[in-house]
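[1] Task: produce atomic coordinates for the following.
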Amino acid sequence: MSRRRTRLPIGVQLVALLVASLLAAQAINIALLFALPPPRPALYRLSEVAGALKGGSLLTRDGRPLTRAAAAGPPTPKADSDPMAVRAQMSLAATLGRPVADVRLYPDNGAPFFGMMNRRSFGVARGDGPPRGEPGPALRTGPGPDGDIAFVIRPGGRPPPGPEFKTFERSAGFRPRPGDVAVFGDFTAAVRNPGGGWTVVASTPEPFPNDWQRRALLWLLGGFLLVAPAGYLFARRITAPLKRFSDAADRLGRDPMGPEMSLRGPAELGAAAEALNQMQSRLRRFISDRTAMVGAISHDLRTPLARIRFKLEAAPPALRSAILSDVGQMEQMIEGVLAFIRDETLPRQRERLDLLSLVECVVDDAALVGADVELAEDSAPVIVEGDPSGLRRLFGNLVDNAVKYGGEARVRVSCDGDMARVEIDDAGPGLAPEDLRRAFDPFYRADASRNLDQGGVGLGLPIARATARGHGGEVVLRPQAVGLRAIVTLPVAPD
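    As a prediction, the model looks like this:
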C-alpha cells in the first residue's frame, strides 16, 4: 500500500480560503481609500447662483456649469425640509434683495437608483456672521441630517475647532471669507419674476459613472485580476485530490487488478482512499480465488476425460464415435477456459501505443496465412493506453471470427471525440436478434454460423469484451445489410 501523506482537512482549507479572500478584499479597499480619496465636493457660491437667476453667467469661477429654465410655478422640493437649505434660502433671498417668499432653494437627491448613486450631499459653508439683512442664528457644526455638514466661520474669522472643517476645507479647496456663503452638493434654486412665472437654476448632475467611480472600478478590477489567480490555485489545490480519487475509482471499476491509489490529499480523502484500496485488495483476492478454483476444476476434468477416452477403445465403433465427439467438445471447452485463465494470470503492463499500428500488425498476421483481410485507407492513427498483448488478442480474435464466419474482414480505425473506434465488418449471414443478444454469453454458440466444426467453444467474444472493458472500453455487435459489424471503443490516452 502506498505511503499515506495527509494534508489539513477540507473544512480547514475552505475556512483558510475564505479568510484569505476576506483579507485580500479588505487590503484592496484600504489601498483604494488611500490611493483614490473621495472627489472634491461641488461648491457653488450663492453670489454666483444669484447672478445666474438674474440672467448672468451659467458657469461658476470654478468651471462648474449651471442650468437655467423658465417655469410657471415654483419647483417642487425633491427632499424633506432641511434646516441648512432653509438658511441657505434666506441667504440667497438677501443676496438677491428679494423677500424670502419669492425665493426657493432645495436640495436635489437625484433620480431613483442611478441618480441616488451619484447624489452629492447638500451642505452650506458660511463666512463670518450672517449675510446682509439676515438674522444671525448660528448654524451648527459637525454631522448634519443624512451625513450633510454645515460649517460657520464664527465672528473673528476663525474656523470651528475639530477635524471636520479642516477635512472639508482641504478636500473642497474653499475657504469662505466673512460674509461669503456657498452651498455644496446638488440643489435647485428659483426666484419669482416680477411679470409672473419663475426662473429656475439648478446644479448639473454628474454623469454615472463619473471619473472617480471609473477609477475606483478599475482599481477593483485590478484587485480581482490580482486575487483571482491565487484563489484559483488555492481552489485547485483543494479539488485536485478529489479528481485523483475520482480517476482511481473509475480505474478500479474498469480494472480491479490495476495499481492502488496513491494516498495524498486532505484527511477525509485519505481515509476514503484507504478504504478504496482495501476494497480493491479484497476484490483482487476474490477474483484470484475464483479464477484459481475454475482453473483447478478445469484442469482436474482432463484426467477423467482421458480415462473415458481410454475406456472407449473397447466400446463398439458406433458408440465410441458418438461419445468421443462429446468428449472432444468438453476438451475444447476446458482448453478454452484454461487459455482464458492463463491470460488473466499473466502480469499486465500498460503503456502508450499507436492503436493503428497495432491493428495493422494484426491484419498483416492474418493476411500472411491467406485470410481475406483489409485495412481501410482512411484509418487514422490514435494513441491509447493499454496492454499490447491483450489488445492484440482482442483484435486477433475479432478478425479471426470475421474471416471464419463471414469470409472476409474489413477493418477501419478512427477517433470519435475522446474514444478510439475500431470497426471490423464481415460478409457472412449475420446473427439473428436472439443470437445477437446472447453472443457475449460464455460458451454460447449460434448454431447457424458458429459450431465445433469451425473450432469455436463460445469463449472468444466474452474474452474480447472482458479485455475491452478492462481497458475502459466496450465491444458491441451491429447487424449490417450484409454481414455483421464488430465495434471496439477504447479511451484515447490523455496528453
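[2] okay, now Val492: neighbour count?
    The tally of other residues near Val492 (other Cβ atoms under 10 Å) stands at 16. Where C-beta positions appear, they are placed from N, C-alpha and C, glycine not excepted.
[3] For Asp354, see how far away it is.
    According to Cβ to Cβ, to the nearest Å, Val492 and Asp354 sit 12 Å apart.
[4] list residues touching both of those two?
    Jointly contacting Val492 and Asp354 under the rule Cβ atoms under 8 Å, 6 or more residues apart in numbering are Val382, Ile383.
[5] tell me the contacts of Ala272?
    Phe245.
[6] Renumber starting at 34 from here on
    Renumbered: residue one is now 34, and that last one reads Ala305.
[7] Read off the pLDDT value for it.
    Ala305 is assigned 79 on the pLDDT scale.
[8] Same check on Lys87?
    Reading off the per-residue confidence, Lys87 sits at a pLDDT of 90.
[9] Touching, it and Gly130? I think so.
    No - counting by Cβ atoms under 8 Å, no contact exists between Lys87 and Gly130, whose distance comes to 10.2 Å.
[10] helix or strand for Val508, which one?
    Assigned by DSSP states H and E, Val508 belongs to strand 507-512.
[11] How about Gln362?
    In this structure, Gln362 is located in helix 350-378 according to DSSP H and E.
[12] Beyond that helix, next helix or strand please.
    strand 384-387.
[13] List the buried residues for that following strand?
    Taking 16 or more other Cβ atoms under 10 Å as the neighbour-count basis, strand 384-387 is seen to contain the buried residues Leu386.
[14] Compute the number of surrounding residues for the closest residue to Glu346 other than its chain neighbours.
    Once its chain neighbours are removed from consideration, Glu346 has its nearest residue in Arg353; the separation is 7.5 Å (Cβ to Cβ, 6 or more residues apart in numbering). When neighbours are defined as other Cβ under 10 Å, Arg353 has 15 of them.
[15] right, and Arg353 touches Leu345 too?
    Yes - contact between Arg353 and Leu345 holds when scored by Cβ under 8 Å: they sit 4.7 Å apart.
[16] Thr522 bridge partners, please.
    Following DSSP bridges, Thr522 is listed with bridge partners Arg454, Glu507.
[17] so it makes contact with Glu456?
    No - using Cβ under 8 Å, Thr522 makes no contact with Glu456, being 10.0 Å away.
[18] does Pro475 really touch Ala497, like I thought?
    No - counting by Cβ under 8 Å, Ala497 is not a contact partner of Pro475; they are 11.9 Å apart.
[19] Just want to know which of the two has more residues nearby.
    Each of Pro475 and Ala497 had its neighbours counted (other Cβ under 10 Å), and the higher figure belongs to Ala497 (21 against 15).
[20] Could you give the number of residues near Leu427?
    Leu427 is surrounded by 28 other residues when neighbours are defined as other Cβ under 10 Å.
[21] Help me confirm that it is found in a strand?
    No - the assignment for Leu427 is helix, going by DSSP: H, G, I helix; E, B strand; the rest coil, so no strand is present there.
[22] What separation do you get for it and Gly369?
    In terms of Cβ to Cβ, Leu427 sits 16 Å off from Gly369.
[23] Could you name the helices and strands sitting against the helix or strand where Val234 lies?
    Secondary structure from DSSP H and E places Val234 in strand 231-236. Applying 3 or more Cβ pairs under 8 Å, 6 or more residues apart in numbering; DSSP states H and E, one finds that strand 231-236 contacts helix 79-86, strand 99-104, strand 220-225.
[24] Indicate each strand paired with the last one and its parallel or antiparallel sense.
    Pointing back at strand 220-225 there. Using DSSP bridges, the neighbouring strands of strand 220-225 in the sheet come out as strand 136-140 (antiparallel), strand 231-236 (antiparallel).
[25] pLDDT of it, averaged?
    Taken as a whole, strand 220-225 has a mean pLDDT of 91.
[26] Just the CA atoms of it, as CSV, please.
    Output for strand 220-225, consisting of C-alpha atoms alone and laid out as CSV, is shown next (Å, rounded to 0.1, in the frame of the first residue of the first chain):
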residue,chain,number,x,y,z
PHE,A,220,-29.6,71.8,-5.5
THR,A,221,-32.4,73.6,-7.3
ALA,A,222,-32.9,77.4,-6.8
ALA,A,223,-35.7,79.7,-8.1
VAL,A,224,-36.9,83.3,-8.0
ARG,A,225,-40.2,84.7,-8.8
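[27] okay, now Thr336: neighbour count?
    Neighbour count of Thr336, defined by other Cβ under 10 Å: 9.
[28] Please identify the helix or strand for it.
    Judged by DSSP H and E, Thr336 forms part of helix 300-344.
[29] do you know how far Ala126 is from Thr109?
    Here the distance between Ala126 and Thr109 works out to 19 Å (Cβ to Cβ).
[30] same deal with Val360?
    Using Cβ to Cβ, one gets 112 Å for the distance from Val360 to Thr109.
[31] for Arg353, same thing?
    Separation of Arg353 from Thr109 (Cβ to Cβ) stands at 121 Å.
[32] got the angle for the helix holding Gln362 vs helix 300-344?
    Put simply, helix 350-378 runs at 160 degrees to helix 300-344, going by axes from the mean of the first three to the mean of the last three Cα atoms, to 10 degrees.
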